[in-house]
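S.K.: no sequence on hand, only this structure:
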């Protein structure tokens, strides 16, 4: 952490040293809390703890996992119940940090204009919420959601979820596991085909690399994706337009956002050839995701950056950020909501600390080849910005 920022954090926290901050981390679509030994927010939680400690502030972090692809309303209800059942004291500020659609869950839950059908006692804590941080959140939707809602898109989402679990739990798979996984995931015909046994075969390959407990957890997680995909329809640009019309910001809460963009797919083709077959295959998958995400519906626009935000974007990215830019899952300009806390080159999971580590000893494992070349330095910058916002009075 830079000395100047550390001084600012300590100063920000010096007014009320006895307070305990409660930070809730909310995963997005096809995200999870802990699965097959993988802690989705491990790097973020450790980074925020370090910064709160430097500020002389006590912090308790909780992960509020929701069904991976359920409706936003259902996810928001689960979030409310998680908080009321885990809030350990009657004092101290509450902060919600949502990754991807986790940010939408937070906005929906805190909006004074929405009705979730919850008993008042389950919402008795909401007056303590001081801030919401939305990390790579599709505030204006993502075209990828429309594709995921199709039959072929469901297979791609399923494959992407499996790949995420494998890459984050064991790193680059062994050659024997990878060759079989690649044969199924790397062949677009199999992803788009009509083979009714495809899901079972792919799941069987992946489950062989995790232990017995992990197999049960992964199987349950994948069943949820296949049985309930209500949230996918709701984050299409056409549907999120209604969400924004009905979901009003809470005047007593500060809203901040983190925004990233990955390089254009053409820029990673050479890197795919130079690195391992696994990197080449995941790079090809990332290129497909990026191309699908770049297809914005003409009638539904994303956020228009302010003059100050435009200036920040210009010096933060090597390429111009426009309607085609994305982190591979969410359009970059769809991520703008409230105060822009940090922006930089990264893919959808880089920003959570799931990137190819550039330092030794390695702490971070990448999820797929995106060409973003995210580093510990950039990750620390983003965490500095989030912590400073949470601690602001």
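M.R.: That came in fine, so what should we check first? Since the model is a prediction, treat every value here as computed from it, not as a measurement.

S.K.: list the contacts of residue 224.
M.R.: For residue 224, the contact set (Cβ atoms under 8 Å, 6 or more residues apart in numbering) comprises 67, 68, 69, 70. The way it works is simple: take the backbone N, C-alpha and C, and place the C-beta from them, glycine included.

S.K.: hmm, residue 370 and residue 279 touching each other?
M.R.: No. Between residue 279 and residue 370 there is no contact under Cβ atoms under 8 Å: 10.1 Å.

S.K.: ok, which stretches of the stretch 251-393 of the chain are strands?
M.R.: 254-261, 339-345 (DSSP state E, counting those that start in this stretch).

S.K.: could you list the low-confidence segments of the stretch 151-300 of the chain?
M.R.: 169-212, 266-278 (pLDDT under 70).

S.K.: ranges for the helices of it?
M.R.: Using DSSP state H, counting those that start in this stretch, the helices of the stretch 151-300 of the chain run over 151-170, 175-185, 188-192, 198-207, 212-227, 230-234, 237-246, 269-274, 277-293.

S.K.: if I look at the spatially closest residue to residue 49 that is not a sequence neighbour, how far off is residue 145?
M.R.: In space, and not counting its chain neighbours, residue 49 is closest to residue 59: 6.2 Å by Cβ to Cβ, 6 or more residues apart in numbering. Applying Cβ to Cβ, to the nearest Å, the value for residue 59 to residue 145 is 33 Å.

S.K.: repeat for residue 378
M.R.: Separation of residue 378 from residue 145 (Cβ to Cβ): 27 Å.

S.K.: okay, these two: which has more neighbours?
M.R.: residue 145 (29 against 20; other Cβ atoms under 10 Å).

S.K.: give the helix, strand or coil label for that one.
M.R.: Applying DSSP: H, G, I helix; E, B strand; the rest coil to residue 145 yields a three-state assignment of helix.

S.K.: right, and it touches residue 236 too?
M.R.: Yes. Checked against Cβ under 8 Å, the pair residue 145 and residue 236 is within contact range at 4.7 Å.

S.K.: isn't residue 229 right up against residue 148?
M.R.: Yes. Using Cβ under 8 Å, residue 229 is in contact with residue 148, at 7.4 Å.

S.K.: anything in contact with each of these two?
M.R.: Contacts common to residue 229 and residue 148, judged by Cβ under 8 Å, 6+ apart, are residue 154.

S.K.: ok, the two, which is more surrounded?
M.R.: When neighbours are counted by other Cβ under 10 Å, residue 229 and residue 148 differ, and residue 148 comes out ahead with 28 against 21.

S.K.: and that one, how far from residue 25?
M.R.: 23 Å.

S.K.: with residue 374 instead?
M.R.: As judged by Cβ to Cβ, residue 374 and residue 25 stand 19 Å apart.

S.K.: report the buried residues of stretch 352-371.
M.R.: Across stretch 352-371, burial judged by 16 or more other Cβ atoms under 10 Å covers 352-357, 364-371.

S.K.: same list, the residues you listed, but as CSV with pLDDT please.
M.R.: Compiled in CSV, the buried residues of stretch 352-371 are given as follows (pLDDT from 0 to 100):
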residue, pLDDT
352, 97
353, 96
354, 93
355, 91
356, 88
357, 89
364, 89
365, 84
366, 85
367, 81
368, 81
369, 81
370, 87
371, 84
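
S.K.: ok, of the residues you listed, which one's closest to residue 315?
M.R.: residue 371 (20.3 Å; Cβ to Cβ).

S.K.: wait, the closest one touches residue 262, no?
M.R.: Yes. At 6.6 Å, residue 371 counts as touching residue 262 under the criterion of Cβ under 8 Å.

S.K.: overlap in contacts of the two?
M.R.: residue 286.

S.K.: isn't residue 340 right up against residue 303?
M.R.: No. Assessed by Cβ under 8 Å, residue 340 is found out of contact with residue 303, at 9.9 Å.

S.K.: neighbour count: the two, which is higher?
M.R.: In terms of neighbours (other Cβ under 10 Å), residue 340 is the more surrounded of residue 340 and residue 303; the figures are 21 against 18.

S.K.: how confident was the prediction at that one?
M.R.: What the model reports as pLDDT for residue 340 is 98.

S.K.: same check, this time on the one 5 residues further on
M.R.: If you check residue 345, the pLDDT there is 97.

S.K.: neighbours around the closest residue in space to it that isn't next to it in sequence, how many?
M.R.: Leaving aside its sequence neighbours, residue 345 sits nearest to residue 372 (Cβ to Cβ, 6+ apart; 5.2 Å). Per other Cβ under 10 Å, the neighbour tally for residue 372 reads 26.

S.K.: how close does residue 372 sit to residue 41?
M.R.: Residue 372 is 20 Å from residue 41, where distance means Cβ to Cβ.

S.K.: just residue 236 next, same as before
M.R.: 26 Å.

S.K.: what of residue 286?
M.R.: Look at residue 286 and residue 41: by Cβ to Cβ, they are 22 Å apart.
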